[in-house]
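Enquirer: Sequence and predicted structure below; questions after.
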Amino acid sequence: MTSTMIRASGLTRHFNVKKEKVEAVSGLDLHVEHGELVALLGPNGAGKSTTLRMLTTLLRPTSGTALVAGHDVSTEPKAVRGRIGYIGQGNGAAHSQRASDELTSQGRAYGLTTATAKTRAAELIGTLGLDAVAGRVVSSLSGGQRRRLDIAMGLIHTPPLLFLDEPSTGLDPQNRANLAEHVRDLREASGTTMVLTTHYLEEADQLAERVVIIDHGTVIADDTPAALKSAHAGDRVKLWFDHDHDARKAMVTIGAFAGTAPLRHHGSGVEVELADGAQLTPKLLRALDDALVPVAGVEVARPTLDDVFLSLTGRSLREGEPGAGEVAA
Ligand SMILES: Nc1ncnc2c1ncn2[C@@H]1O[C@H](COP(=O)(O)OP(=O)(O)OP(=O)(O)O)[C@@H](O)[C@H]1O
C-alpha cells in the first residue's frame, strides 16, 4: 500500500536582497509516496535547498502549501518536525564527544530513554559501517565517516521520512560511492522514504528511483532516470577525425543522414544524437566512407541526465566544469 508522504503545491519563496526580489522557488509542485527515494537535481542556485528548508519547516513559504508526513508545514511545523529527519549541508559540528555518545545524546534529545537511544545508536552504527570509529571523538572522523554519522543522527528517532541536503558534497568519488551504498542499504532495511538534493548527475541516476529536475525554482521534469533519458535524449555518437577539414566535411554527410538531430562540432570531433545509436552508427560510418571522409575513431554512449538537462534547457548541468560540452579529440 502506498500513501503520500509529501504533497507540495505552488510552493514559492522569495528573498529580498538589497531591495531586489530573488525568487528562489516559484510555484513548485512535488509529490512523494511512502517508501520512495527521490532526488532533486538541478544546477547551483536552482532552489533545491530552499525547497528542502521549506519542507522541513526551517523556512516559511511565501505562498503555496506543503503537507509533509500528513501535516502542514506552515500551520503544524512541530508535528512535521517530529516525523522527519533532516541532514543539512555542513551538519556535524566538530564535537569532542565520542561518535556513539553523540548519537545517544541526540536520541535523548528526541525523547528516547537512554536504553532505547543506546540500542538504536548501536543499530545505526552497524548499518552505516561505523563500528570501527564509534569510540572515537567526532572531530577525528574523516569527511565520509562524519557524513555517515550525520545520517545516523538524522535517523536516531526512526523517522519515516528523511531529507538529505547534498549528502555527498565535498566527498571524493570513492567516499561518494560508499555513502550511496549505505543510503541504499538503509532504505532497503528500513523502508524510510528519502528525499535528497544533489548536483551529481551520476548520484541521482544510480541512487534515485525518481529524479525531479529543478531549474529556476520550478520543476521542469519528474520521472525515473530511464524514462527521462528515453523521452528527452537519444544516444550520443562521437566521431573523431584526423583533420579539422575532415570533421567539417563530415558535418555535411551527417547532417543529411541524421536529419534534424542536434550536432556539435569541436575541432576535429563531431557529436551527433541518434535515437538508436547501436543500429544507426554502422550505417553512418558507411555513409561517411561513401563520401570519402576517413573516420579516426567512434564512440556510442547512452544518454546521461546531463543530456536530458541540456535538451530541456539548452544548458549543461556541468557548465563550468573542465571539458564540459566539448567533444574531446
Ligand atoms: N537566505 C537567502 N537570502 C537571499 N537569497 C537566498 C537565500 N537563500 C537562497 N537564496 C537564493 O535563492 C536561490 C536558490 O538558492 P538555493 O540554495 O535554494 O539553491 P540550490 O539549488 O540549493 O543551490 P546549490 O546547489 O548551490 O546549493 C539562489 O539564487 C540563492 O542565492
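Expert: Thanks, I have the structure now. The structure displayed is predicted, hence computed values, not measured ones.

Enquirer: So for residue 128, what's the nearest residue that isn't a sequence neighbour?
Expert: The spatial neighbour of residue 128 that comes closest, neighbours along the chain excluded (CB to CB, 6 or more residues apart in numbering), is residue 148 at 4.4 Å. No exception for glycine: its C-beta is placed from N, CA and C like everyone else's.

Enquirer: Which positions in the helix or strand the one you found falls within come out as buried?
Expert: Here residue 148, judged by DSSP states H and E, is contained in helix 143-155. Using 16 or more other CB atoms under 10 Å as the test for burial, helix 143-155 gives 144-155.

Enquirer: Among these, which one sits closest to residue 207?
Expert: Checking those against residue 207 by CB to CB gives residue 151 as the nearest, at 13.3 Å.

Enquirer: can you pull up the bridge partners for residue 219?
Expert: Going by DSSP bridges, residue 219 is paired in beta bridges with residue 214.

Enquirer: how close does it sit to the ligand?
Expert: Taking CB to the nearest ligand atom, to the nearest Å as the measure, residue 219 and the ligand are separated by 12 Å.

Enquirer: How many residues are close by that residue?
Expert: Other residues near residue 219 number 19, with proximity taken as other CB atoms under 10 Å.

Enquirer: doesn't residue 212 make contact with it?
Expert: Yes: Residue 219 is within contact range of residue 212, at 5.7 Å (criterion: CB atoms under 8 Å).

Enquirer: Name the residues contacting each of the two.
Expert: When contacts are counted by CB atoms under 8 Å, 6 or more residues apart in numbering, residue 219 and residue 212 have residue 30 as shared neighbours.

Enquirer: State which one residue of the stretch 51-200 of the chain is found closest to the ligand.
Expert: Per CB to the nearest ligand atom, residue 199 is where the stretch 51-200 of the chain lies closest to the ligand, at 5.1 Å.

Enquirer: I'd say that residue and residue 43 touch.
Expert: Yes: in this structure residue 199 lies within contact range of residue 43 using CB under 8 Å: 6.5 Å.

Enquirer: picking that back up, in terms of secondary structure, what does the helix holding residue 148 contact?
Expert: Judged by 3 or more CB pairs under 8 Å, 6 or more residues apart in numbering; DSSP states H and E, helix 143-155 is in contact with strand 84-87, helix 99-109, helix 114-127, strand 161-165, helix 173-190.

Enquirer: go with 6 Å
Expert: In this structure, helix 143-155 makes packing contacts with strand 84-87, helix 99-109, judged by 3 or more CB pairs under 6 Å, 6 or more residues apart in numbering; DSSP states H and E.

Enquirer: would you list these in JSON lines and tack on mean pLDDT, mean neighbour count and distance to the ligand?
Expert: Putting the helices and strands packed on helix 143-155 into JSON lines (pLDDT from 0 to 100; neighbours: other CB atoms under 10 Å; distance: least, CB to the nearest ligand atom, whole Å) gives the following:
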{"stretch": "strand 84-87", "mean pLDDT": "89", "mean neighbour count": "23", "distance to the ligand": "14"}
{"stretch": "helix 99-109", "mean pLDDT": "91", "mean neighbour count": "20", "distance to the ligand": "25"}
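
Enquirer: For residue 317, find the nearest of these.
Expert: Ranking those by their distance to residue 317 (criterion: CB to CB) puts strand 84-87 first, at 22.5 Å.

Enquirer: Tell me the predicted confidence for the residue of the stretch 51-200 of the chain closest to the ligand.
Expert: Residue-level confidence at residue 199 comes out at 81, pLDDT.

Enquirer: CA atoms only for the one helix or strand in the chain whose mean pLDDT sits lowest, dumped as CSV, please.
Expert: The least trusted helix or strand in the chain, going by mean pLDDT, DSSP states H and E, turns out to be strand 263-266, with a mean of 78. These are the backbone C-alpha positions of strand 263-266, laid out as CSV (Å, rounded to 0.1, in the frame of the first residue of the first chain):
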residue,chain,number,x,y,z
LEU,A,263,25.1,18.2,-34.0
ARG,A,264,28.0,19.6,-32.0
HIS,A,265,31.3,20.3,-33.7
HIS,A,266,34.5,20.9,-31.8
